[in-house]
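# Here you go, sequence then predicted model.
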Amino acid sequence: MKKLKHNSMSWRYFKQNVFFTLVRASALIITLALGGIILYIVVNGISAISWEFITRPPTDAMTKGGIMPAILGTIYLTIGAIAIGLPLGVASAIYLTEYAKQGRIIRLIKVGINCLAGVPSVVFGLFGLGFFVIFMKFGSSILSGSLTLGFLILPTIIGASEEALKAVPQTFREASLSLGVSKWQTIYRIVLPNALPGILTGSILGIGRAAGETAPIMFTAAAYFTAKLPGSIFDEVMALPYHIYVLATAGTNIEATRPIQFGTVLVLVAVVLGIDLIAIVIRGYMRRNKGW
Amino acid sequence: MESNTIISIRGVNFYYGTVRALTDISMKFRKNKVTALIGPSGCGKSTLLRLLNRMNDLIDGTKVEGEILFEDKNIYAPDVDPVEIRRKIGMVFQKPNPFPKTIYNNISYGPNLNGVSSRDMDALVEQSLKQAVLWDEVKDILNKSAMNLSGGQQQRLCIARALAMKPDILLMDEPTSALDPISTAKIEELIEELKDNYTIIIVTHNMQQAARVSDETAFFYLGNLIEYNKTEKIFTKPEVKQTEDYITGRFG
């Protein structure tokens, strides 16, 4: 056996320290960047925030007043997107992992879904315009926007649901089936409840995307301005991301409304976090019973 | 012997894809007896066990040839619903696999989905846990998670869960291989008690266990049934050289 070099240990520790430092630095940079963005938004936007701002419609050609219709619109659209994307996505994932025979066709479908995740959101917007707004005659409405956003977040939800379903131990399925319980009952009673926390984690990512996207709702749901609140799912709504876009690029007085723009951004971030928080609380509640 | 046959296997071949795992197996299992399936790893004993309640259906690309008769009906006939079969033929697995539910709900899960009313459930849960000699240990914690039980208790819970379906046959796939010696002894005692009411077919790696608990023993090697006889005979005067080599520890 060859004798170890004397300096080999210190050299290895040196390499380890270099590596740790790099990893630590990466984490720090990410945290700083995120913190910086949030701080910037808060500093610039906090002055615009007031009770009036979140409870009143815009006035004076959107240079004054509040953004309440846009807040509500975004909440409606996000809930609509989840209502469409979650059942469809979970059902697809159940089919792909539990029922479909694994083979070339399934692989192809999975590649397709992954490609869908990479499609630019404006393409979804144009599809929504062509299909839901014009062809299906839903018009520019909450329904069209929700459907478009629902499809946009489908790949995220399918992907997360697949992972969550696969993480449920096979022994649970075997145990259930061995008791003379049918496959669907096994999925419904054993597999799904145990996969739900993971599915929700994926949905949280989807929620953020659905609430924050501008392009998909630009042609399908969002109104430039409407003080009227929607009466049905066939009405147009204002939405936070589109409102920001409008104020920052096509408003009547772009410079003067900067504080309102940042205020709206701040509210958007808060709305997304708020919806996420609800999902996280539900997930936490479901996880309590998990014990493997 | 013919009259108390409960399962009769006739000329069964089994394939995983193109690999043949069982070759021309014919054998009969007797009612209210404990039959042990022994043999080295990969000999096909677990595969055979999982054929009896159609658990191999879960694996893609498998193929069964031949017949397995249970109550005079081929369980692989096209009109047979595997769910029906599994109601009558229960299974206990190698690793204890309770559901992440309460102890009570672990037991009630199967009967509940098979139409037992909640009025009768308390009695059924108690009876099943008593049969599995677990009642005294868990009667005060029925609403606690089953995941907090010890490995041996979990396995007895899995046995109770299977018994709650009132099956005719209980299949056990190396039920003690993940357990300590004391838990193992408890399960073996339990098997002894259960055989009055159930037919038990047990796969085991442990030859002492086969000798202790079973009435009949079948020795498998490379997908073939080498020898099948009364346990006493297999362990004292095996007729085939391979059987003797295996049980005396010369290979395996």
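That came through, no problem.

# Dead centre of chain A: give me the residue that sits there.
A:G206 (2.2 Å; Cα atoms, centre = their mean).

# distance of that one from chain B?
Counting by Cβ to the nearest Cβ, to the nearest Å, the separation of A:G206 from chain B is 26 Å. (Glycine included, C-beta is placed from N, CA and C.)

# and chain A, which residues reach chain B?
For chain A, the residues in contact with chain B (Cβ under 8 Å from any Cβ of the partner chain) are A:101-102, A:169, A:171-182, A:185, A:189-190, A:194, A:289-292.

# Can I have the buried ones of these as a PyMOL selection?
Applying 16 or more other Cβ atoms under 10 Å in any protein chain shown to those, the buried members can be selected in PyMOL as follows:
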select buried, chain A and resi 171+172+173+174+175+176+177+178+179+180+181+182+185+189+190+194
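
# so what's the residue nearest to the centre of chain A up against?
A:G206 sits next to A:81-82, A:85-86, A:89, A:153, A:156-157, A:160 when contact means Cβ atoms under 8 Å, 6 or more residues apart in numbering or on different chains.

# Check B:K95 too.
A:171, B:178.

# cool, and the one 10 residues further on?
With contact set as Cβ under 8 Å, 6+ apart, B:N105 has these partners: B:F99.

# what mean pLDDT does stretch A:252-265 have?
Averaged over stretch A:252-265, pLDDT sits at 82.

# I'd like to know how far the residue lying farthest from the centre of chain B sits from B:P111.
Most distant residue from the mean C-alpha position of chain B: B:R119, 29.7 Å away (Cα atoms, centre = their mean). The gap separating B:R119 from B:P111 is 12 Å, by Cβ to Cβ, to the nearest Å.

# And A:A215, by the same measure?
To B:P111, A:A215 is 54 Å away according to Cβ to Cβ.

# going on from the helix or strand in which A:S203 is found, what's the next piece of helix or strand?
Here A:S203 sits within helix A:192-212, counting by DSSP states H and E. Later in the chain than helix A:192-212, the nearest helix or strand by DSSP H and E is helix A:215-218.

# What are the contacting residues of the next helix-or-strand element following that following helix?
Going down the chain from helix A:215-218, the next helix or strand is helix A:240-249, by DSSP H and E. Contact with helix A:240-249 is made by A:62, A:67, A:70-71, A:73-74, A:211-214, A:217-218, A:222, A:224, A:254, A:257, A:260-261, A:264-265, A:267-268, A:271, as judged by Cβ under 8 Å, 6+ apart.

# how about 7 Å then?
A:62, A:67, A:70-71, A:74, A:212-214, A:217-218, A:222, A:224, A:254, A:257, A:260-261, A:264-265, A:267-268, A:271 (Cβ atoms under 7 Å, 6 or more residues apart in numbering or on different chains).

# residues of that helix that come out buried?
A:240-248.

# which strands and helices sit next to the next helix or strand after that helix?
Using DSSP H and E, the helix or strand that follows helix A:240-249 in sequence is helix A:258-287. Counting contacts by 3 or more Cβ pairs under 7 Å, 6 or more residues apart in numbering or on different chains; DSSP states H and E, helix A:258-287 packs against helix A:8-45, helix A:68-94, helix A:192-212, helix A:240-249.

# got those helices as TSV, with mean pLDDT columns?
TSV is the format used below for these (pLDDT from 0 to 100):
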stretch	mean pLDDT
helix A:8-45	92
helix A:68-94	92
helix A:192-212	87
helix A:240-249	88
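
# right, and those - which one's nearest B:P181?
Closest of the helices and strands packed on helix A:258-287 to B:P181 is helix A:192-212, at 32.2 Å (criterion: Cβ to Cβ).

# ok so, going back, the residue farthest from the centre of chain B should be in a strand, yeah?
No. Looking at B:R119 with DSSP: H, G, I helix; E, B strand; the rest coil, it is helix, so not inside a strand.

# Which pLDDT does the model give it?
We have a pLDDT of 88 for B:R119.

# repeat for the one 5 residues further on
At B:L124 the predicted local distance difference test score is 94.

# Outside of the one helix or strand it maps to itself, list whatever touches it.
B:L124 belongs to helix B:118-131 when assigned by DSSP H and E. With contact meaning Cβ under 7 Å, 6+ apart, helix B:118-131 is reached by B:104, B:107-108, B:111-112, B:116, B:135, B:138, B:160, B:163-164.

# How about that helix, which residues are buried there?
Neighbour-count burial for helix B:118-131, with 16+ other Cβ under 10 Å as criterion, is recorded at B:121, B:124-125, B:127-129, B:131.

# Give me the phi and psi angles of A:G65.
Main-chain torsions, A:G65, degrees, to the nearest 10: phi 80, psi -160.

# Quick check, it in contact with A:R56.
Yes. Taking contacts as Cβ atoms under 7 Å, A:G65 lies within contact range of A:R56: 5.2 Å.

# neighbours of A:V123, just the number please.
Using other Cβ atoms under 10 Å in any protein chain shown, the number of residues around A:V123 comes to 13.

# what are the ranges of the helices in chain B?
B:45-52, B:82-88, B:103-113, B:118-131, B:135-138, B:151-163, B:181-194, B:207-213, B:231-236, B:241-247 (DSSP state H).

# The second one: how far from the chain's middle?
Spelled out, it's helix B:82-88. 14 Å (Cα atoms, centre = their mean, to the nearest Å).

# what about the residue of the stretch 1-150 of chain A found nearest chain B, which SS state?
Proximity of the stretch 1-150 of chain A to chain B (Cβ to the nearest Cβ) peaks at A:K101, 6.0 Å away. Classification of A:K101 by three-state DSSP places it in coil.

# what's near enough to touch it?
Taking Cβ under 7 Å, 6+ apart, one finds B:D60 in contact with A:K101.

# any idea how far it is from B:Y16?
Remark: distance between A:K101 and B:Y16 (Cβ to Cβ) = 15 Å.

# Near chain A, which residues of the stretch 51-200 of chain B are found?
With Cβ under 7 Å from any Cβ of the partner chain as the criterion, the stretch 51-200 of chain B meets chain A at residues B:53, B:55, B:60, B:83, B:86-87, B:90-91, B:93, B:95, B:97, B:99-100, B:109-110, B:113-114, B:145, B:147, B:161, B:165.

# Show me which of these are buried.
B:53, B:55, B:83, B:86-87, B:90-91, B:93, B:95, B:97, B:99-100, B:109-110, B:113-114, B:145, B:147, B:161, B:165.

# Need the pLDDT of A:N289.
The model's pLDDT for A:N289 equals 58.

# To clarify, my last question referred to B:T231.
94.

# What count of nearby residues applies to it?
B:T231, neighbours per other Cβ under 10 Å, totals 21.

# my guess is it meets B:S214, correct?
Yes. At 4.7 Å, B:T231 counts as touching B:S214 under the criterion of Cβ under 7 Å.

# Mutual contacts of those two, please.
Jointly contacting B:T231 and B:S214 under the rule Cβ under 7 Å, 6+ apart are B:A36.

# quick revisit: give me the subset of the residues of chain A next to chain B lying in helices.
Using DSSP H, those in helices are A:171-178, A:185, A:194.

# and the closest residue in space to A:V181 that isn't next to it in sequence, what pLDDT?
Of all residues not flanking A:V181 in the chain, B:L113 sits nearest, at 5.1 Å (Cβ to Cβ, 6 or more residues apart in numbering or on different chains). On pLDDT, B:L113 comes in at 91.

# and what of B:N106?
At B:N106, pLDDT is 95.

# Contact partners for it?
Per Cβ under 7 Å, 6+ apart, neighbours of B:N106: B:98-99, B:146, B:157, B:161.

# and what of B:F14?
Applying Cβ under 7 Å, 6+ apart, the residues near B:F14 are B:21-22, B:47, B:51, B:62, B:64.

# List of residues touching stretch B:133-146?
Here stretch B:133-146 makes contact (Cβ under 7 Å, 6+ apart) with A:291, B:98-104, B:106, B:126, B:129, B:153-154, B:156-157, B:160, B:186, B:190.

# buried set for it?
B:133-135, B:137-138, B:142, B:145-146.
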